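Enquirer: from the sequence below, what's the structure:
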Amino acid sequence: MIELSITRRVIQDWLVERFAAHLGVPEEQIAADAYIDELPLDSVDAVAVVVELERWFGRQLDVWEVRRHPTIGELADFLAREYARRPAVPNARPAPAA
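Expert: Residues are numbered from 1 along each chain as shown. A predicted model of the protein is given here:
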């Protein structure tokens, strides 16, 4: 089994990159303290980011837990604590950029 070292910063950078890609804006326009609900994402793009996260972590995310962490930074903290420290999934990698 491959050990993954997924830090809060890695997760946060990935989230910023994915939100920027779905919004069609430069990553610099997405702040770590941005409220996810305030990003101009449609529901299809929001679900796509969650699905990409699930693929990366190799497990289904609890949507209610995700919603309890409203900013990108808070979500990254949560994911680093609750998911990244769990046993790694063989060959798990971040979803490729679209």
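
Enquirer: what distance do you get for the residue nearest to residue 16 when sequence neighbours are not counted to residue 12?
Expert: Leaving out its chain neighbours, the residue that sits closest to residue 16 by CB to CB, 6 or more residues apart in numbering is residue 30, at 4.7 Å. C-beta coordinates here come from the backbone N, C-alpha and C atoms, glycine included. Using CB to CB, to the nearest Å, residue 30 is found at 10 Å from residue 12.

Enquirer: quick check: neighbours shared by those two?
Expert: residue 72 (CB atoms under 8 Å, 6 or more residues apart in numbering).

Enquirer: what secondary structure does the spatially most central residue of the chain sit in?
Expert: Against the mean C-alpha coordinate of the chain, by CA atoms, centre = their mean, the closest residue is residue 15 at 4.2 Å. Look at residue 15: counting by DSSP: H, G, I helix; E, B strand; the rest coil, its state is helix.

Enquirer: so it makes contact with residue 72?
Expert: Yes. Assessed by CB atoms under 8 Å, residue 15 is found in contact with residue 72 at 5.0 Å.

Enquirer: ok so, going back, contacting residues for the residue nearest to the centre of the chain?
Expert: 49, 72, 75, 76.

Enquirer: export only the CA atoms of the lowest-mean-pLDDT helix or strand in the chain, formatted as PDB.
Expert: Lowest mean confidence among the helices and strands of the chain (mean pLDDT, DSSP states H and E): helix 63-67, at a mean of 81. Output of helix 63-67 as PDB, limited to C-alpha atoms (Å, rounded to 0.1, in the frame of the first residue of the first chain):
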ATOM      1  CA  VAL A  63     -21.900  16.200   2.600                       C
ATOM      2  CA  TRP A  64     -23.200  17.500   5.900                       C
ATOM      3  CA  GLU A  65     -19.700  17.500   7.400                       C
ATOM      4  CA  VAL A  66     -18.400  19.300   4.300                       C
ATOM      5  CA  ARG A  67     -21.100  22.000   4.700                       C
END
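
Enquirer: contact partners of that helix?
Expert: Contacting residues not belonging to helix 63-67 are listed as 50, 75, 78, 82 [CB under 8 Å, 6+ apart].

Enquirer: so which of those is the most crowded?
Expert: residue 75 (23 neighbours; other CB atoms under 10 Å).
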